[in-house]
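J.: From the sequence below, what's the structure:
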Amino acid sequence: MNKKYFNQFKLEKPLLYVLTGLCLVTMFITFIKIVYFYNIWPTQLNRQVWEILLEDLTIDILTFTSFSVFILYSTSYFFFKEYNGFIIISFHLFFSFVSSLIAHVLDVVSSLSFGSITIDTIFNYNHITAVFRDVDRNFFLYFSILSIAYIYHYYKQYRVAEFERVETNHKLTIANLNLIQSQLEPHLLFNTLNSISSLVYSDKDKAVKTITNLGDILRATLMLRDTQFISVKEEISYLSNYIEILNLKFNDRIILREKINKETIDKKIPSLILQPIIENAVKHGLNDSNTDLEILLFTDIDKEGKLVIDIKNSGSKINPKADFNKENLKKGLSLVKQRLSLIYKKGFTFDIQNLDDPIFNVGVKIVIDEPKIDLLKYN
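T.: This next block holds a predicted model:
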């Protein structure tokens, strides 16, 4: 529910036009009814037709306006507070009857103003009969206005939700393009091509395998630019090819270990979401020494049924003074967190922390739930 829209009542022009139209229809019916009965019983009415029309149409306007104001404010309030349906229906059923009492009071006040009744007449008048005489008409009028109000609010809610969906998808497209741009950095391609040119003479089999891996990476990157979700299995396959390419530059110093829960293998995750994490680990984890960089990729399902992805590496620990959850995130990790936020809203966790472990020093943990927005167009 978009509370930013429903947090205050606002009578917009489309709603005002519809309510005005309904009011005019009500007044037209009153006009036809008075003219008809005046022609049938002209002597029994004892008043000029224009006097009767003016009085009854005034009552219609006052009744319609009072009903409309109350209903519009109450529907906005119920939307904002998000009460259950039973309470809302009970409330309006009760006040639809109360509205008949209000309409009768307005009728009496208007009749006094126009002089059609006197104060003495009021005390001798059967008010209960008068209320029940028009209860069906007032009930119909009340729920007609109520229906228009709810249709308008639901339509407005749909428009706001649709706008947010389009805006979110637009942001996701930009985030995807930025991620693809970061994954297709020229230096990676040039280094790989240079390595292939050297391998052609020294190790042809490895050169062929490298060309295949590079082709798979480029193909996957371009094909997945309009795809939001892929399986964990597909993501791991992409990462394996990517690390093999990186190992050409770093002389096989990057070791990827996998501990994958079989229940997670077909789970859908945002496409290419883990590559920037691996890239960041390699960039900041490998130093000038000959020490290898071990990376452990772990997936599991927690007690709440959420997918847990944990990536640990044996590189240097992060600066404890840096806030890796906010502004100081590196570009690739910022894109990861941005995409997770757009897709999962608040239904995700993204943590970077130093580890107290004999092998692994830094860990990145992602916990994701079902996506909160409609992204079917991207798959």
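
J.: Downstream of the host helix or strand of Ile343, the next helix or strand is which one?
T.: Taking DSSP states H and E as the definition, Ile343 sits inside helix 331-344. Next along the chain after helix 331-344, taking DSSP H and E as the criterion, comes strand 348-354.

J.: So what are the sheet partners of that next one and their directions?
T.: Strand 348-354 has the following strand partners under DSSP bridges: strand 362-368 (antiparallel).

J.: Show me the helices in the stretch 1-150 of the chain, by range?
T.: All helices of the stretch 1-150 of the chain, identified by DSSP state H, counting those that start in this stretch, fall at 3-6, 13-40, 42-45, 49-81, 85-114, 119-123, 127-133, 135-183.

J.: could you dump the ones you listed to TSV with mean pLDDT and mean neighbour count?
T.: For every residue, glycine as well, the C-beta is placed using N, CA and C. Below are those laid out as TSV (pLDDT from 0 to 100; neighbours: other C-beta atoms under 10 Å):
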stretch	mean pLDDT	mean neighbour count
helix 3-6	46	14
helix 13-40	81	13
helix 42-45	56	10
helix 49-81	78	17
helix 85-114	79	16
helix 119-123	70	9
helix 127-133	72	13
helix 135-183	74	16
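
J.: Could you dump these into a markdown table with distance to Thr227 added?
T.: Formatted as a markdown table, these follow (distance: least, C-beta to C-beta, whole Å):
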| stretch | distance to Thr227 |
| --- | --- |
| helix 3-6 | 31 |
| helix 13-40 | 38 |
| helix 42-45 | 75 |
| helix 49-81 | 36 |
| helix 85-114 | 39 |
| helix 119-123 | 74 |
| helix 127-133 | 64 |
| helix 135-183 | 9 |
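
J.: So which of these is nearest Lys365?
T.: Taking C-beta to C-beta, helix 135-183 is the member of the helices of the stretch 1-150 of the chain nearest to Lys365, at 19.8 Å.

J.: distance of the nearest residue to Leu286 once chain neighbours are set aside from Asp300?
T.: Distances taken as C-beta to C-beta, 6 or more residues apart in numbering put Leu293 closest to Leu286, at 5.0 Å, once the chain neighbours are dropped. Leu293 sits at a distance of 23 Å from Asp300 (criterion: C-beta to C-beta, to the nearest Å).

J.: Thank you kindly, that will do.
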